[in-house]
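>>> requesting a structural model of the entry that follows:
(one chain, ligands or ions: 3)
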Amino acid sequence: MAYTVAHQTLNEWVQEVVDLCQPDAVHWCDGTVKEYDRLMAKMVAAGKATPLAKRPNSFLFRSSLSDVARVEEHTYISYPDQEQAGPTNNWIEPKRLKKTMLDLYQGCMRGRTMYVIPFSMGAVGSPMAKIGVEITDSAYVVCNMHIMTRVGTPVIKALGTEGEFIRCLHSVGAPLQPGEKDAIWPCATMENKYISHFPDENLVWSYGSGYGGNALLGKKCLALRIASVMARREGWMAEHMLILRLINPQGERYHICGAFPSACGKTNLSMLLPTIPGWRAECIGDDIAWLRIGPDGRLYAINPEAGFFGVAPGTSNESNPAAMGTLKENCIFTNCALTDNGDVWWEKHDNPAPAHAIDWRGQDWTPDSRQPAAHPNARFTAPAAQCPVISPDWEDPEGVPIDILIFGGRRTCVQPLIVEALDWDHGVFLGATAASETTAANIGHVGNLRRDPFAMKPFCGYNMADYFAHWFTMGDRLGDKRPHVFYVNWFQKNADGKWLWPGFGDNSRVLKWMCERVDGNADAQETPIGYMPSIDDLDLTGLDWPMDRIVESLAIDVKAFRAEIADIEQHLAQFGDRLPGRMIKQLQAYKRRLDGQPAQTAASKSLHTAR
Ligand code: GTP
Ligand code: SPV
Ligand code: MN
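Ligands and ions are numbered 1, 2, ... in the order given. Here you go, the predicted structure:
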């Protein structure tokens, strides 16, 4: 091999992969701008990337039509014993899965360069950071990893001669015959896509897809699926959460983590511009939080990532100006539309629909076209440091102390705007039973209601029942330093299909109430589903929005909640004996609370005051 490092085990693994995948060349990534520029220039020359005249150093990619999102149906958590993966994960026995995949990997990089990407999740040297090495045959993956993680020589230095690293092997699964012209977006057929995790070996094997979480293995594969297993072993947590700092007019800071399923508002909330006068917010992370108990006994969070891989459609100066500010330069866009003047466009962009564009499929598009110009899961890859509201402390190796944990999801009805958990165990119950309508972030039907515990259904690397138990244990360890737990739903609609709540920057009004609850300064009413504000408890100063809709957003229909009990019971029953007894206690208490209520009740009508 042309190049080796001082780390013998790493060299040996790289050699093993060379022998297996048989690339034409091997490139060790140093993480420099020069490397990024050279790879991007090569992809432009090959017709895979389009430079954007309107945005400095930014490029548009179009994926193959079938490779547009994560593939949960083809994602595996592989332990010798299926019980360890649990009922919410796809499972194939490791020996069998490896045999299938080794056959696919055999010679799969022929005609291609193999890149070795040493990367750090978390600032290099942070006590919370973990090092991974991704081997891939995709230059697109290398450039995205440059933005999303810390890549290259500093990581190799941190690894030294025997540092621990997580092996992440990736191939697009499209070997080239001699002289064969490469596809614009090479990938394998759907039935040959495998996103596999072997948690016992700290090992990820991904084959056949070049898109997002399937291919940028530091993100969901390492920082959630593998990390969740390490976290339980080592006594911390790896969560699908944004991290946000909120500052009140007195300069007091509150740190908030929020877990919502994919495409349910994490990036938006993390970059929130509060509409309440005097309040400010800073973004620390938009997708993943690693949390551990600090020396003072509080819960501290770091963002293990270095960039944002965000949903483009819906992003605008109206909904998320900070994201728009982040996207001015040095970005990668995937599956957005291309305008005739050399810019990207997507549905609900501030700019009106262009008279003509090239859509994400590479076809001519006009406003009369029946298909969207950008794919609903079109994404931007942007450096976090470019975000206008990034916190000065976003890379603090010790993290920030968390006051508030929020769960939530996308539900058109039933779930009100905001609920506070009665206590930690009730909060764990709310997280465990969270439900949300499915989105385009995964390939499959959009809009189905499904239980997505802690927004981790697609990302938990072990039996979800044990994960619930881990949450209870963390609460016990935190004791009176436990963050307050809340559940939000920004997505209710009325009978006319209109949003009940304005959302986006106005979500600060809900966050303010949470901060006041933490400080013991806000009223709440105890309802069967938790503590809730009345409309008078929310700061609605300057809000131009129909009051009747806000009242509706805070109403609860006890009958509708009762009607979901059977579904919750079925959801929890899938875990059998492994389900913690404390969860069953929560379910029983919840049923008792609902039974003691009249069928219809509104939070705005005081039940009784919690404080
Ligand atoms: P992943 O990157 O897939 O994990 O998604 P995410 O949770 O970061 O979701 P994101 O913030 O990208 O939001 C997804 C979609 O929800 C976008 O179309 C947003 O415009 C929309 N959205 C976000 N916040 C709100 C809100 O407060 N109200 C409404 N109505 N829509 C919102
Ligand atoms: C998600 O689906 O939750 C994402 C996008 O953040 S991906 O990186 O593709 O997983
Ligand atoms: Mn996500």
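>>> can we go C-alpha only for contacts and neighbour counts from here?
OK.
>>> which strands border the longest strand along the chain, and is each parallel or antiparallel?
Scanning the chain for the strand with the most residues, using DSSP state E, yields strand 113-121. Next to strand 113-121 in the sheet, as set by DSSP bridges, lie strand 25-28 (parallel), strand 130-136 (antiparallel), strand 150-151 (antiparallel).
>>> for K48, find the nearest of those.
strand 130-136 (16.9 Å; CA to CA).
>>> now that closest one: average pLDDT?
Mean pLDDT, strand 130-136: 98.
>>> tell me both backbone torsions, phi and psi, for the residue lying closest to R253 once chain neighbours are set aside.
Spatially, and ignoring its direct neighbours in sequence, R253 is nearest to I247 (4.6 Å; CA to CA, 6 or more residues apart in numbering). Dihedral pair for I247: phi -120, psi 120, per degrees, to the nearest 10.
>>> can I assume I247 is in contact with A281?
Yes: the pair I247 and A281 passes the contact test of CA atoms under 8 Å, sitting 6.0 Å apart.
>>> which one's more surrounded, these two?
Neighbours were counted for I247 and for A281 using other CA atoms under 10 Å; A281 has more, 23 against 19.
>>> name the SS class of that one, please.
Under DSSP: H, G, I helix; E, B strand; the rest coil, A281 falls in the strand class.
>>> so what's the nearest residue to it once chain neighbours are set aside up against?
Leaving aside its sequence neighbours, A281 sits nearest to L246 (CA to CA, 6+ apart; 4.4 Å). Going by CA atoms under 8 Å, 6 or more residues apart in numbering, L246 touches 253-256, 279-282.
>>> what's the farthest-apart pair in those?
It's I256 and W279 that sit farthest apart of the contacts of L246, by CA to CA, at 14.4 Å.
>>> with neighbour numbers in mind, choose between the two.
Legend: neighbour count by other CA under 10 Å for I256 and W279, higher for I256 (26 against 18).
>>> confidence score at the more buried one?
99.
>>> what strand or helix carries it?
Using DSSP states H and E, I256 falls within strand 253-259.
>>> also L104?
With DSSP H and E as the test, L104 turns up in helix 94-105.
>>> now what about that helix, what contacts it?
The contact list for helix 94-105 (CA under 8 Å, 6+ apart) reads 20-21, 78-80, 171, 173, 194, 198, 207.
>>> got a quick ChimeraX command for the buried subset of those?
Of those, the buried ones can be selected in ChimeraX as follows, counting by 16 or more other CA atoms under 10 Å:
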select :20,21,78,79,171,173,194,198,207
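>>> return the member of the contacts of helix 94-105 nearest to L500.
Y194 (40.3 Å).
>>> what does that closest one show for phi and psi?
Torsion angles, degrees, to the nearest 10, at Y194: phi -140, psi 120.
>>> one more: the one 5 residues further on?
Dihedral angles of P199 (phi, psi; degrees, to the nearest 10) stand at phi -60, psi -30.
>>> follow-up on the earlier one: and the residue nearest to R253, how far from W279?
To W279, I247 is 6 Å away according to CA to CA, to the nearest Å.
>>> per-residue confidence at T4?
T4 is assigned a predicted lDDT (pLDDT) of 82.
>>> ignore the last one, W13
98.
>>> one more: the one 5 residues further on?
At V18, the model reports a pLDDT of 98.
>>> same question, N335
Listed pLDDT for N335 reads 98.
>>> then E569?
Listed pLDDT for E569 reads 98.
>>> assign it to helix, strand or coil.
E569 is classified as helix under three-state DSSP.
>>> measure it to H470 for me?
Distance of E569 to H470, given as CA to CA: 20 Å.
>>> higher neighbour count, the two?
Neighbour tally, E569 and H470, criterion other CA under 10 Å: the higher count belongs to H470, 19 against 13.
>>> any idea which element that one lies in?
helix 464-478.
>>> pLDDT averaged over the helix or strand that that helix is followed by - what is it?
Where DSSP H and E defines the elements, the next helix or strand beyond helix 464-478 is strand 484-488. When pLDDT is averaged along strand 484-488, the result is 98.
>>> got the contact list for strand 484-488?
With contact meaning CA under 8 Å, 6+ apart, strand 484-488 is reached by 403-409, 416-421, 423-424, 427, 430, 514, 518.
>>> could you do stretch 459-477 as well?
Contact partners of stretch 459-477, identified using CA under 8 Å, 6+ apart, comprise 77, 83-89, 197, 199, 220-221, 224-229, 232, 235-236, 240, 424-425, 428, 432, 482, 575, 578-580.
>>> also near ligand 2: which of these, exactly?
For ligand 2, the contacts drawn from the contacts of stretch 459-477 by CA under 6 Å from any ligand atom are K220.
>>> ligand 2: which of the strands paired with strand 113-121 is closest?
strand 130-136 (15.3 Å; CA to the nearest ligand atom).
>>> same for the host helix or strand of I584, what does it pack against?
For I584, the enclosing helix or strand under DSSP H and E is helix 581-595. Packed against helix 581-595, as judged by 3 or more CA pairs under 8 Å, 6 or more residues apart in numbering; DSSP states H and E, are the following elements: helix 424-432, helix 558-563.
>>> immediately after the longest one, which helix or strand?
Counting by DSSP H and E, the element after helix 424-432 in chain order, helix or strand, is strand 435-437.
>>> strand partners (parallel or antiparallel) of that following strand?
Partners of strand 435-437 in the sheet, by DSSP bridges, are strand 449-451 (antiparallel).
>>> and ligand 1, is stretch 531-546 touching that?
No: for stretch 531-546, no contact with ligand 1 is found by CA under 6 Å from any ligand atom; the gap never falls below 13.5 Å.
>>> keeping just the C-alphas, turn that stretch into PDB.
Extracted in PDB, the C-alpha atoms of stretch 531-546 (Å, rounded to 0.1, in the frame of the first residue of the first chain):
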ATOM      1  CA  TYR A 531     -49.400  19.700  33.600                       C
ATOM      2  CA  MET A 532     -50.600  22.200  31.000                       C
ATOM      3  CA  PRO A 533     -50.700  26.000  30.700                       C
ATOM      4  CA  SER A 534     -53.900  27.900  30.300                       C
ATOM      5  CA  ILE A 535     -53.900  30.400  27.400                       C
ATOM      6  CA  ASP A 536     -53.200  33.100  30.000                       C
ATOM      7  CA  ASP A 537     -50.000  31.400  31.100                       C
ATOM      8  CA  LEU A 538     -48.400  31.700  27.700                       C
ATOM      9  CA  ASP A 539     -46.800  35.000  26.700                       C
ATOM     10  CA  LEU A 540     -48.600  35.900  23.500                       C
ATOM     11  CA  THR A 541     -47.400  39.500  23.300                       C
ATOM     12  CA  GLY A 542     -47.400  40.800  19.800                       C
ATOM     13  CA  LEU A 543     -48.700  37.600  18.300                       C
ATOM     14  CA  ASP A 544     -51.000  38.100  15.400                       C
ATOM     15  CA  TRP A 545     -52.900  34.700  15.300                       C
ATOM     16  CA  PRO A 546     -56.500  33.700  15.800                       C
END
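>>> distance between that stretch and the chain's centre?
Chain-centre distance of stretch 531-546: 29 Å, with CA atoms, centre = their mean, to the nearest Å.
>>> for it, which positions count as buried?
Quick answer for stretch 531-546 (16+ other CA under 10 Å): 531-535, 537-538, 540.
>>> among those residues, which are in helices?
Among the buried residues of stretch 531-546, no member falls in helices (DSSP state H).
>>> ok, and what's touching stretch 16-35?
So stretch 16-35 is contacted by 1-3, 102, 105-118, 146, 150-153 (CA under 8 Å, 6+ apart).
>>> what is the end-to-end distance of that stretch?
With CA to CA applied, stretch 16-35 spans 25 Å between its terminal residues.
>>> what comes up buried for it?
For stretch 16-35, burial by neighbour count (16+ other CA under 10 Å) applies to 17-18, 20-23, 25-26, 28-31.
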